[in-house]
Every structure is written in C-alpha cells, then in structure tokens.
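*Asks:* heads up, no residue letters with this:
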C-alpha cells in the first residue's frame, strides 16, 4: 500500500487532547474523529505512541543519591510480564489496540511512528532518560529497542497496520552527528524487521537534505523500504522567497520527494505536508496548495500525501501548544469539528482518481540532475526542478556515485565535480550520444576544458558584476572569460564574452553556462529573472519530448500503463485557467478523463489538472 499506488490521509492526534490522547484517552472522541476522516475517502492515519506515555519509567533514589529501584508513575512497580520487564505500559498497549480497532471500524489503515520522542517542538521521553543523549546513550538505545520489540511483537499480525517508522523526525530527539543518527536509525530498523515477519514497509523518518546535503541519502540507500519527506515551505530555505501558491512554492514538495526517491532508489511518501495555519496563508490559498500538490505528487510518482494534521489544537492549554502558535491551526477540521476547505480538496481528489479506469504508473523522466552531496545541494534542487518544469521536461535526481542512464544530464551550479573515474564514465555516455549540461558556480574544476566544452579559458576571476544579456541579469561569484574554439555560442554577454555554448563530444553534446543559474533562481526573493527559464528552454530543445506545450506554468507527465496505453497529466501550477496548444510526438489527444481538450488544445483549471489519453 505504501510502496505503490497513491494513498491520502492525515497525521492524527485526538481532537479532545492532542498529544495527551493516550493519557486522557477518550474512545468516543477518537471514534468520531475517524468517522469524519473516513468520510473524506482517506486511506490512512499516521499515529504516534508517545514514548513518555508508553514507557513511563522512573528511577527511585535513596540516601546519597543511590539508585534503589525502577518504577512506573506513582511508585507502581512494572508487572512481571514481557511488556512490564521492558518498561512498557500494558494500559497504553490496550489503548493502542482500541485505536486500531476504531480505525478498522471506519475502513482506515494505520502507519505507526513507534518511538515518538519528538512532537511539535517538544521532547517526550521516559523520565529515566531525561537529559541523556538519546541516540547514543546505551540505556536510551536499549529502551527504544525494547519499546519497538513489544509494540511490533504484540501487533505484528494486525491487518490494520500497513507500515512502521522508528518514530517521528527522530533526528530531532538529540543533536548527534549524522553518522550517529544513521547508526541509531539502522538499529531501530533492524529491530522492527527482526520482530515483524510480514515485511511491512519500514519508512524513513529523518529529513536531512536541506541541512546536510544528499550524501546522507546515499549513505542509507539500503536501510529503508520507503523514504519520506516533510516539505514545509516555512522551514525550507528559498521556499518562502515567493508566495506558497507560486510555482516555486507549489513544486517544493515534489522537488524534495524526487531527490529522496532518486538517490535512495526507493518509493517516496509525502508523509507530512501542510501550510502551518492561518498566519502563513489564507484558507483559500491553503486549499489551492493542497489541490495542486495532490495532483502533482500523484502525477510525479509519489506513493501518497498525508496532511498535517487532522484537528485544530487551539484550545489545548499545555506545551507544545502554549509554546508554539503555529501548532494550533493545522487541522483539516476546525475547532468545531467542521471541514475546512482543505478537507474538501482531499475528498474531491480521491473521488476523481477513484473513478479513473486505470492505475497511474511512474512518469517518464526526461533528464537526470547529478548532485554532489554537500550542503549546497538544496539551492541546486529547488532551482533546477522549477526551471525544468517551466521548460517542459521532467527531471529526476541522482547522487554522483550512482548515475543512471539518461539521454541528458545536468550538473547544476557546480562548485565541485564527480570524482575522476565517475566523471570519465559519464563522459563515455556523452561520447555515445547523450547530452551533458554544466552550469558553473566557482572553483578550479576542469582538466581538458577545451576538449570538453569547445572553449578556451582566458581568465577565471572573482566577479565584480553580473552578466547582462538582452536585458536579463545573471548573478555569479566567478567570471569565466572564454574564447570559442570549436563550440557554437548560443548566448553572449553584452561585452561579447561567450555565456552559453554547445559543442560536440563524440556523438553527444556538452552545453556550458558560465553562471550558476539554479542557485540564482533559488536565492532570488520574488519572481526570478525570466532569463533563467530561457536557458532551460534551450536545454529542452536537446530532449526528445513526448508531449510539448507552450505555457511554462503547465507541468506535463507521461505515463505508460501496463497494457501499453499512454496517459498524460497536465498540472496547472497557477491561479489562472490555462488554454494551451500541445504537440504530441507520433500521436494525438484521445479520451479525456479530467478537464477539457479538443484537437490539440487543452484547458486546465486553476491549481488543478487535465488528464487525457495519448492515442
């Protein structure tokens, strides 16, 4: 279920209690909540056994601070049961089972974040572990393993549970190094797998790329079955540089997901997404954001989208809600339990795709963007993905250590290059007929530069001005002064210096740009210079596209179904209805499943999609 298809759902805390749902357990409230969630045609709820409630272990001390014994709250000794010996509360396990039975009653499946020690800006850890380094302390690691063992052993045969994670954003429970986090995550994953014989997918719950770069994803490719993203624009550098319903804001989630999917080479679930309340954007904008991302994530190959969260928490008078205003207005239901506009979007989307006579398949990728792995990757990701969509092609991502076959490769805003052997392997593919695009940021990166690009380098200096071309401004840190030898100059600066060139390399092509255009796109506050898009539009001319369109606000994906039928999905990343002419290679528009199309003209409603057959 989480490795194919497309699920919708919510992250769940009870409407009456939020993070105190386990200690202030109200079965009627949860029953009512689940009925409302199921009415939206949702598939799944993600639930969180709060670590401090489920393993409520205290240490009792005697004279001179000597440890005497370990107990539960109120000096109650743990029972002599498997759960008790692991410090896990039988009462909480019973409540957990009741939640599963209520989900089953309403036709909902459950994903479980087992060791939920971090939630909404606050730590929730067993009292015995307070102040300890939770990812490296041996007692903490042992207790987490015991908690997982008890939960998984107790509920491994429950058909309601469709996936596990070790917790929630577990890189937040302690500020360890990334290798230490990876060891912890691997240990928890292996513990889950040891006690669940049914091979339910184990999902990733750490989201490091924006801080650490993509090396961390490459390091853990073989740990998880499903990778996940939590793409909140407010917390993501460069994504608040334009409104959340701009093309940049709307593509952020899928861009991040495509990176995780591409580098880890496993399916990706958008496990948390939302607009963080009414002070970031209006409810109307939030609904448009949700609708666009539902169609966009479905069309671009994600396995689902789960909103944060089910219920408002405005009236809860305890931390983290008293600490964090942004945690209070996140629900798809308001404080009175009524559907917000976002809820209606989820329901209408699910009703629409459930009527389709086919299961969508992964889209065709047109090019591969190669990432170097360091902390500068994030600027490259946002810029390259939005520009590629605007130019009309679909981009996937790869780490430089594992580059898949493709007809076109992009090395974006480079300040480092793949190591010599891997770069030589890449150049072999170019010699055989592929195209390589390099946009330059800074550094002494190339040997045999003239052979590679067809240009002789005269100077490589610190830039004291931007490049200006036909009224467009291109920022740069370094200025490359070139003399074309056997390249074709596609764009020149106003002073005549080659800016964008293409040259033959064996049977293939190398396109070289002297400015880091992806980085400029990401760093620009407000709408970026349209000249950046014009460069990617030139790049698109070197791709054999199945479907071409003219309006840059449309993103089109092409899907080949199992029976050979081709389906196209056109997503409108704007608030205006778009009428556009499409050119289809060796085909024409057939049956229309959503939206309007006639001849070679499609009409796509604002923040929505048109779906049609290619015949």
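*Replies:* Good, I have the coordinates. Note that the structure is a prediction, hence the values are computed from the model and not measured.
*Asks:* what is the neighbour count of the closest residue to residue 242 other than its chain neighbours?
*Replies:* Excluding the flanking residues, the one nearest residue 242 by Cβ to Cβ, 6 or more residues apart in numbering is residue 248, at 4.8 Å. Every C-beta, even on glycine, is put in place using the N, C-alpha and C of the backbone. Other residues near residue 248 come to 26 when the count uses other Cβ atoms under 10 Å.
*Asks:* which of the three states applies to residue 248?
*Replies:* At residue 248, secondary structure determined by DSSP: H, G, I helix; E, B strand; the rest coil is helix.
*Asks:* how is this structure partitioned into domains?
*Replies:* 7-354, 367-540, 547-614 (automatic domain parsing).
*Asks:* about what we covered before: what pLDDT does the model give the residue nearest to residue 242?
*Replies:* Model confidence at residue 248, given as pLDDT, is 97.
*Asks:* cool, and the one 5 residues further on?
*Replies:* Confidence at residue 253, expressed as pLDDT, is 97.
*Asks:* now residue 344
*Replies:* 97.
*Asks:* so residue 184 touches residue 138, yeah?
*Replies:* No - between residue 184 and residue 138 there is no contact under Cβ atoms under 8 Å: 11.6 Å.
*Asks:* what about those two, which has more around it?
*Replies:* Legend: neighbour count by other Cβ under 10 Å for residue 184 and residue 138, higher for residue 184 (25 against 8).
*Asks:* residues contacting the more buried one?
*Replies:* By Cβ atoms under 8 Å, 6 or more residues apart in numbering, residue 184 lies in contact with 135, 136, 141, 170, 176.
*Asks:* who wins for most neighbours among the residues you listed?
*Replies:* Going by other Cβ under 10 Å, residue 170 tops those with 26 neighbours.
*Asks:* is it true that that residue touches residue 117?
*Replies:* Yes - applying Cβ under 8 Å, one finds residue 170 in contact with residue 117, separated by 7.4 Å.
*Asks:* tell me where the stretch 451-600 of the chain has strands.
*Replies:* With strands called from DSSP state E, counting those that start in this stretch, the stretch 451-600 of the chain shows them at 455-462, 467-469, 472-474, 478-484, 488-492, 498-505, 508-513, 547-548, 554-560, 566-572, 578-581, 583-584, 589-594, 596-598.
*Asks:* out of these, which one sits most buried?
*Replies:* strand 566-572 (a mean of 25; mean count of other Cβ atoms under 10 Å).
*Asks:* which strands and helices sit next to that strand?
*Replies:* helix 283-299, strand 554-560, strand 601-604, strand 609-614 (3 or more Cβ pairs under 8 Å, 6 or more residues apart in numbering; DSSP states H and E).
*Asks:* residue 589 bridge partners, please.
*Replies:* Applying DSSP bridges to residue 589 gives these bridge partners: residue 614.
*Asks:* from what I see, it and residue 595 are in contact.
*Replies:* No - counting by Cβ under 8 Å, residue 589 does not reach residue 595; the two are 11.0 Å apart.
*Asks:* between these two, which contacts overlap?
*Replies:* Between them, residue 589 and residue 595 share the contacting residues 602, 612, judged by Cβ under 8 Å, 6+ apart.
*Asks:* residues in contact with residue 473?
*Replies:* If you count contacts by Cβ under 8 Å, 6+ apart, then residue 473 has 466, 467, 529, 531 around it.
*Asks:* and it, how far is that from residue 499?
*Replies:* 12 Å (Cβ to Cβ, to the nearest Å).
*Asks:* which neighbours do these two share?
*Replies:* Contacts common to residue 473 and residue 499, judged by Cβ under 8 Å, 6+ apart, are residue 467.
*Asks:* could you list the low-pLDDT ranges of the chain?
*Replies:* Along the chain, the model assigns pLDDT under 70 to residues 208, 211-212.
*Asks:* rerun that using 80 as the cut-off
*Replies:* Low-confidence segments of the chain, defined by pLDDT under 80: 74-75, 206-213, 216, 218-221, 373-376.
*Asks:* circling back to that earlier point, just put the helices and strands packed on strand 566-572 in a markdown table and tack on distance to residue 363.
*Replies:* Below are the helices and strands packed on strand 566-572 laid out as a markdown table (distance: least, Cβ to Cβ, whole Å):
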| stretch | distance to residue 363 |
| --- | --- |
| helix 283-299 | 7 |
| strand 554-560 | 4 |
| strand 601-604 | 17 |
| strand 609-614 | 13 |
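*Asks:* which stretch among these comes nearest residue 12?
*Replies:* helix 283-299 (17.1 Å; Cβ to Cβ).
*Asks:* residue 376 touches residue 442, doesn't it?
*Replies:* No - using Cβ under 8 Å, residue 376 is not in contact with residue 442, being 10.2 Å away.
*Asks:* overlap in contacts, these two.
*Replies:* Common neighbours of residue 376 and residue 442 (Cβ under 8 Å, 6+ apart) are residue 415.
*Asks:* neighbours around the nearest residue to residue 443 once chain neighbours are set aside, how many?
*Replies:* In space, and not counting its chain neighbours, residue 443 is closest to residue 415: 5.1 Å by Cβ to Cβ, 6+ apart. Neighbour count of residue 415, defined by other Cβ under 10 Å: 17.
*Asks:* who touches residue 415 in this structure?
*Replies:* 372, 376, 441, 442, 443, 445.
*Asks:* now it: how far from residue 257?
*Replies:* 25 Å.
*Asks:* residues contacting stretch 429-444, please?
*Replies:* For stretch 429-444, using Cβ under 8 Å, 6+ apart, the contacting residues are 376, 405-416, 426-427, 453, 460, 476-478, 480, 505-519, 535, 539, 542-543.
*Asks:* ok, of the residues you listed, which come out buried?
*Replies:* Buried by 16 or more other Cβ atoms under 10 Å: 376, 406-415, 426-427, 453, 460, 476, 478, 480, 505, 508-519, 535, 539, 542-543, out of these.
*Asks:* give me the subset of those lying in helices.
*Replies:* Secondary structure assignment by DSSP state H places 426, 427, 453, 517, 518, 519, 535, 539 of the buried ones among the contacts of stretch 429-444 in helices.
*Asks:* those: which two are farthest apart?
*Replies:* 427 and 519 (23.9 Å).
*Asks:* ok, the contacts of residue 184 vs residue 552, which is closest?
*Replies:* Distances from residue 552 to those, taken by Cβ to Cβ, are shortest for residue 170, at 39.1 Å.
*Asks:* contacts only, for the spatially closest residue to that closest one that is not a sequence neighbour.
*Replies:* Distances taken as Cβ to Cβ, 6+ apart place residue 205 nearest to residue 170, at 5.4 Å, with adjacent residues excluded. The contact partners of residue 205, by Cβ under 8 Å, 6+ apart, come to 113, 165, 166, 167, 168, 169, 170, 185, 228, 271.
*Asks:* let's see that with 7 Å instead.
*Replies:* 113, 165, 166, 167, 168, 169, 170, 228 (Cβ atoms under 7 Å, 6 or more residues apart in numbering).
*Asks:* can you check residue 96 too?
*Replies:* So residue 96 contacts residue 49 (Cβ under 7 Å, 6+ apart).
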